[in-house]
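**Student:** give the three-dimensional model of this entry:
(one chain, ligands or ions: 1)
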Amino acid sequence: MITDIKGLHHVTSMAADAAENNRFFTDTLGLRRVKKTVNFDAPEVYHLYYGDEIGTPGSVMTYFPFGEMPRGVRGTGEVGVTEFAVPEGALSYWKDRLAAKGATGLTEGRFLGETRLEFTGPDGDGFALVESADRGRTAWTGAGVPEDTGILGFHGARMRLRDSAATAELLTFMGYQKDETDGAVTRYRIEGGNAADTIDLEAVPGGKTASQGAGSVHHIAFAVEYRAAQLRVRDALLDTGYQVTPVIDRDYFWAIYFRTPGGVLFEIATNEPGFDRDEDTANLGQALKLPTRYEPYRGQIEGHLPALGA
Ligand code: ZN
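**Tutor:** From the prediction side, this is the model:
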């Protein structure tokens, strides 16, 4: 069994409009944009990262805003709900704030003993805010969000799967333990994690496969502390028969990817070197950062990228 995984690292989704995406995460949710770079495989598209002050692993929501792009259709074989943790008692604030900012799909409820508020993002993205203990995390309080109310990072993620058995087995192999069940949803939780600790598997037998597009999660990344741990995880996955990519340098972390039995793309990402490797903490996310190989084309790239606003 793997013992190196510490919870979620980041969740990466697709969006249509870049400025709208930026406004929603910074102005509506009050997260900090911690990096403005490009898709390393398609430099005409931004890669935007939003999180806490330094983009602590377990807090980082990232987007590829492709511009004109059809909306995804929710279904099986994907992460259906990305969940953020907020302090106990914060949901009444968020309910008013999200409604005032025009967020849709607001649904409050109790699930597995927790109070949660589901809502949809600008492209129909499935989100929830879940009241949670702070576990030592500090919210970034941008856009006037009070300090005792702000988003602390991820709570977890919910995957919708036609058959969850093989993914459950994989999560267990990755170090997650089976927790409570409510209806079709079974929670898995990692011990000793970074507080972004839960994965919920929702079994939807016969459910229609999701169609990826704007508002869909592209992949979900799990955290390991450093590169040697990542290599241990890679070896263990290969030994179990998973097809895992070589280690890829993403400038702010090292990444490996593999497709899981339920259809969701998993990544394992290192906590090192982090988002402050190429800019000061005070100025994170302001300047356009390019991987070295694209620097010669900076003028051309900047000419094509849309304006983001603040
Ligand atoms: Zn990733």
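**Student:** next, the buried residues of stretch 22-36.
**Tutor:** Neighbour-count burial for stretch 22-36 flags 22-26, 28-36 (criterion: 16 or more other C-beta atoms under 10 Å). The way it works is simple: take the backbone N, C-alpha and C, and place the C-beta from them, glycine included.
**Student:** what about the residues you listed, which are in helices?
**Tutor:** Assigned to helices by DSSP state H, the following of these qualify: 22, 23.
**Student:** what ranges in this structure fall below the confidence cut-off?
**Tutor:** Along the chain, segments meeting pLDDT under 70 span 310.
**Student:** looking at the buried residues of stretch 22-36, which one is closest to residue 158?
**Tutor:** residue 29 (18.3 Å; C-beta to C-beta).
**Student:** which residues touch the residue lying closest to residue 121 once chain neighbours are set aside?
**Tutor:** Of all residues not flanking residue 121 in the chain, residue 127 sits nearest, at 5.8 Å (C-beta to C-beta, 6 or more residues apart in numbering). When contacts are counted by C-beta atoms under 8 Å, 6 or more residues apart in numbering, residue 127 touches 81, 82, 83, 84, 118, 119, 120, 121.
**Student:** in JSON lines: those, plus distance to residue 136.
**Tutor:** Supplementary listing: those in JSON lines, determined by distance: C-beta to C-beta, whole Å:
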{"residue": "81", "distance to residue 136": "24"}
{"residue": "82", "distance to residue 136": "21"}
{"residue": "83", "distance to residue 136": "18"}
{"residue": "84", "distance to residue 136": "16"}
{"residue": "118", "distance to residue 136": "26"}
{"residue": "119", "distance to residue 136": "26"}
{"residue": "120", "distance to residue 136": "30"}
{"residue": "121", "distance to residue 136": "27"}
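**Student:** list buried members of the residues you listed by neighbour count.
**Tutor:** Applying 16+ other C-beta under 10 Å to the contacts of residue 127 flags 81, 82, 83, 84, 118, 119, 120, 121 as buried.
**Student:** how close does the last one get to residue 79?
**Tutor:** The gap separating residue 121 from residue 79 is 13 Å, by C-beta to C-beta, to the nearest Å.
**Student:** need the buried residues of stretch 22-36 in JSON lines (columns: distance to the ion).
**Tutor:** Supplementary listing: the buried residues of stretch 22-36 in JSON lines, determined by distance: C-beta to the ion, whole Å:
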{"residue": "22", "distance to the ion": "19"}
{"residue": "23", "distance to the ion": "23"}
{"residue": "24", "distance to the ion": "20"}
{"residue": "25", "distance to the ion": "16"}
{"residue": "26", "distance to the ion": "20"}
{"residue": "28", "distance to the ion": "23"}
{"residue": "29", "distance to the ion": "19"}
{"residue": "30", "distance to the ion": "23"}
{"residue": "31", "distance to the ion": "17"}
{"residue": "32", "distance to the ion": "18"}
{"residue": "33", "distance to the ion": "17"}
{"residue": "34", "distance to the ion": "14"}
{"residue": "35", "distance to the ion": "12"}
{"residue": "36", "distance to the ion": "16"}
